[in-house]
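Asker: 3D, please:
(chains A and B)
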Amino acid sequence: MTETVVTRFAPSPTGFLHIGGARTALFNWLLARSLGGKMLLRIEDTDRARSTDAAIDAILDGLKWLGLDWDGDAVFQFARADRHRQVVDQMLASGRAYPCYATQAELEEMRSTAQAEGRPPRYDGRWRDRPESERPTDRSPAIRLKAPTEGETVVDDLVQGRVVIPNKDLDDLVLLRSDGTPTYMLAVVVDDHDMDVTHVVRGVDHLTNAARQTQIYQALGWVVPKMAHIPLIHGPDGAKLSKRHGALGVEAYREMGYLPAALRNYLARLGWSHGDDEIFSSEQAIEWFKIGDVGRSAARFDEAKLQNLNGHYMRATPDHELMAALRQALPYLPGGPAAAERLEATGRWPALESALPGLKERAKTLVELLDGARFLLDERPLAVEPAAQALLTPEARALLATLGSRLAALDPWTAAGAEEIVRSVADESGVKLGAVAQPLRVALTGRKTSPGIFDVLVALGREESIGRIADQTPAPAAG
RNA sequence: GCUCCCAUCGUCUAGCGGUCUAGGACGUCGCCCUCUCACGGCGAAAACAGGGGUUCGAGUCCCCUUGGGAGCGCCA
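Answerer: Predicted structure coming up:
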């Protein structure tokens, strides 16, 4: 019998799609796809105060952008509250759960005295075995799990190995709050069971929860799904990734000009490896992925490596595809919308695409690519960067003047033809190619660096090129 | 405090008792290519946290120490 593998990604919609969450989703996705199974999506929105529609949209949008598709419709946990309560009734009836009337103040006190005595803060089970006759009628109880007090609970984890937690360290967790709403701990178990989830892949921060949830499964007599708790992502300083480390949400990576495929590759390689392979497609990752190959130690997020990887992806992407990716990303990039407008107005979309080969090998992100393409966006007369200004010496301007008139006669307007002219001007003037090429670069782009200057000439076209050169050429005699 | 997890170059990692004078990648530093910057090529520096065992033999297994991390809610 072949059981269909079912994984699930279960974010709580209280913010954007966290980069760590994205990796959890990726591993769930890889596991499901590699085993021919399904990945489900469940929105854990039981915290009504913190859950927002905007966050749900952000998470869905982030997953789609990253190319992580899920099977079926997203399940909303809050909508299943009745089912959760039904399961608790079942547990109450079987004696595996009991009502607890302890007040917040009592719980507070329990915690503080436990702390003071050096014991782990936990519920003392004071309502666990109280007879019904003692139950107060002036308030409604929370329902707690009657957890085993002795022995140990074992989590056979696909990544962490066999993790054993003494039951005495696990208290009777709340299943249903006194207002009748189910807790996360209960909801997760019931939903995973009802959704036929076979593999639970999530962050190690849930490892202790896994033990507690195992107790719930056992109380219910349900099969415990396979678990895989993957290590968390840390910031460059080794501490858990947080706001102060900068970008946290995947949408920020879109804004920084990263390609989804590159981010997927990077994230997959963070904590998982297939020998020495560094650059691989998602298809390869799916083929190679084994959850057991995921390491147990936390990995630091290294943006320099992500950038390098993204650079590889950009260079490897065919121009028309990269062009499409850029057009899609433009609305999200800083200055992107304005750039799109300019390209539209000047009709330079084709020029940009033709300049892509030179542009993409000089950029690690789409943002850098766009910056490199600025010479195509700028209008005459060009603003020359201060650092570049120094190259426009009187001698250089004179060379430019010669160059301008020679170039004007070039036909057809090709890179090879332009190169021939530039080289001969250099030869005739007895200077090195650079002495002509550099001033030409400044005249054409306003900067000291750019793609190959002959390619720039072609991308800009004859009229614009000649014009820009003229802009930097001394006015004839008159002055 | 208690419970659990982790520990190879600065970073991500390969290594699953002998092939390790520890490999790859990013980053760093040289050199080459060159119209600039890149790309690319070549090369260099750079690690088994410490201490005990087990074993003929340990980066690989066990224990301790140290150092990190996570969890301990009527949050998820």
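
Asker: residues from the stretch 351-479 of chain A in reach of RNA strand B?
Answerer: Proximity of the stretch 351-479 of chain A to RNA strand B (C-beta under 7 Å from any atom of the strand) is limited to residues A:361-362, A:432-434, A:437-438, A:441, A:448-455. Every C-beta, even on glycine, is put in place using the N, C-alpha and C of the backbone.

Asker: Buried members of those into PyMOL, please.
Answerer: In PyMOL syntax, the buried subset of these is picked out as below (16 or more other C-beta atoms under 10 Å):
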select buried, chain A and resi 362+437+438+441+450+451+453+454+455
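
Asker: Which members of the residues of the stretch 351-479 of chain A next to RNA strand B are the farthest-apart pair?
Answerer: Of all pairs drawn from those, the one with the largest separation by C-beta to C-beta is A:361 and A:432; the distance is 24.0 Å.

Asker: From start to finish, how long is stretch A:148-166 in a straight line?
Answerer: Stretch A:148-166 has an end-to-end distance of 10 Å (criterion: C-alpha to C-alpha, to the nearest Å).

Asker: Off-centre distance for that stretch?
Answerer: The chain centroid and the centroid of stretch A:148-166 are separated by 32 Å, computed with C-alpha atoms, centre = their mean, to the nearest Å.

Asker: same deal with stretch A:356-368?
Answerer: The chain centroid and the centroid of stretch A:356-368 are separated by 21 Å, computed with C-alpha atoms, centre = their mean.

Asker: same deal with stretch A:288-298?
Answerer: Its chain's C-alpha centre and that of stretch A:288-298 lie 19 Å apart, by C-alpha atoms, centre = their mean.

Asker: so where does the closest residue to residue A:460 other than its chain neighbours fall, helix or strand?
Answerer: Take residue A:460 and drop its neighbours on the chain: the residue closest to it by C-beta to C-beta, 6 or more residues apart in numbering is residue A:444, 6.4 Å away. In this assignment (DSSP states H and E), residue A:444 forms part of helix A:433-445.

Asker: The helix or strand just after that helix packs against which elements?
Answerer: Following the chain from helix A:433-445 toward its C-terminal end, the next helix or strand by DSSP H and E is helix A:453-460. In this structure, helix A:453-460 makes packing contacts with helix A:349-360, helix A:374-377, helix A:415-429, helix A:433-445, judged by 3 or more C-beta pairs under 8 Å, 6 or more residues apart in numbering; DSSP states H and E.

Asker: mind listing what's buried in the first one?
Answerer: Neighbour counts over helix A:349-360 (16+ other C-beta under 10 Å) mark A:351, A:352, A:353, A:354, A:355, A:356, A:358, A:359, A:360 as buried.

Asker: Which of these sits closest to residue A:114?
Answerer: Taking these together and measuring to residue A:114 by C-beta to C-beta, the closest member is residue A:360, at 60.4 Å.

Asker: Check the secondary structure at residue A:98 for me.
Answerer: strand (DSSP: H, G, I helix; E, B strand; the rest coil).

Asker: Specify the beta-bridge partners of it.
Answerer: According to DSSP bridges, the partner residues bridging residue A:98 are residue A:144.

Asker: Contacts only, for it.
Answerer: For residue A:98, the set of contacting residues under the criterion of C-beta atoms under 8 Å, 6 or more residues apart in numbering consists of A:92, A:127, A:128, A:143, A:144, A:146, A:172.

Asker: Could you measure from the second one over to RNA strand B?
Answerer: The one in question is residue A:127. 9 Å (C-beta to the nearest atom of the strand, to the nearest Å).

Asker: what number of residues lie near that residue?
Answerer: Here the count is done by other C-beta atoms under 10 Å, and residue A:127 has 18 residues near it.

Asker: gap between the residue lying closest to it once chain neighbours are set aside and RNA strand B?
Answerer: Using C-beta to C-beta, 6+ apart and skipping the chain neighbours, the partner closest in space to residue A:127 is residue A:100 (4.2 Å). Distance, residue A:100 to RNA strand B, by C-beta to the nearest atom of the strand: 6 Å.

Asker: got it, and residue A:139?
Answerer: 8 Å.

Asker: Wait, a strand at that residue?
Answerer: No - with three-state DSSP as the criterion, residue A:139 is assigned coil and is not in a strand.

Asker: wait, it sits on residue A:178?
Answerer: Yes - with contact taken as C-beta atoms under 8 Å, residue A:139 and residue A:178 are classed as touching, separated by 7.1 Å.

Asker: Compare these two and say which is more crowded by neighbours.
Answerer: Summary of the neighbour comparison: residue A:139 and residue A:178, criterion other C-beta under 10 Å, with residue A:178 having more neighbours (17 against 9).

Asker: So what's the residue count around the closest residue to that one other than its chain neighbours?
Answerer: The shortest distance from residue A:178 to any non-neighbouring residue, by C-beta to C-beta, 6+ apart, is to residue A:142 (4.6 Å). Residues lying near residue A:142 (other C-beta under 10 Å) number 20.

Asker: so who does residue A:142 touch?
Answerer: Residues in contact with residue A:142, defined by C-beta under 8 Å, 6+ apart, are A:99, A:100, A:102, A:174, A:175, A:176, A:177, A:178.

Asker: and with 7 Å instead?
Answerer: Shown in contact with residue A:142 (C-beta atoms under 7 Å, 6 or more residues apart in numbering): A:100, A:174, A:176, A:177, A:178.

Asker: Filter the residues you listed down to the ones in helices?
Answerer: The members of the contacts of residue A:142 all map outside helices under DSSP state H.

Asker: Got a ChimeraX select line for the buried ones in those residues?
Answerer: Selection command for ChimeraX covering only the buried members of the contacts of residue A:142, criterion 16+ other C-beta under 10 Å:
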select /A:100,174,176,178
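
Asker: Pass me the low-pLDDT residue ranges in chain A, would you?
Answerer: A:1-2, A:242-244, A:246-247, A:475-479 (pLDDT under 70).

Asker: Residue A:3: what's it in contact with?
Answerer: Contacts were defined as C-beta under 7 Å, 6+ apart; by that measure residue A:3 touches residue A:198.

Asker: separation between it and residue A:328?
Answerer: With distances taken as C-beta to C-beta, to the nearest Å, residue A:3 is found 39 Å from residue A:328.

Asker: what do you get for residue A:79?
Answerer: Separation of residue A:79 from residue A:328 (C-beta to C-beta) stands at 33 Å.

Asker: How much space separates the residue nearest to residue A:178 from RNA strand B?
Answerer: Look at residue A:142 and RNA strand B: by C-beta to the nearest atom of the strand, they are 4 Å apart.

Asker: ditto for residue A:214
Answerer: Residue A:214 is 13 Å from RNA strand B, where distance means C-beta to the nearest atom of the strand.

Asker: what do you get for residue A:14?
Answerer: Distance from residue A:14 to RNA strand B, by C-beta to the nearest atom of the strand: 7 Å.

Asker: Leaving out chain neighbours, which residue sits closest to that residue?
Answerer: Among residues not flanking residue A:14 along the chain, residue A:50 sits closest, at 4.3 Å (C-beta to C-beta, 6+ apart).

Asker: In this structure that neighbour contacts residue A:13, no?
Answerer: No - the pair residue A:50 and residue A:13 fails to qualify as a contact (C-beta atoms under 7 Å) at a distance of 8.2 Å.

Asker: And the two? Which one has more around it.
Answerer: Counted by other C-beta under 10 Å, residue A:50 and residue A:13 do not tie: residue A:13 has more neighbours, with 23 against 12.

Asker: Having no further points to raise, I will conclude here.
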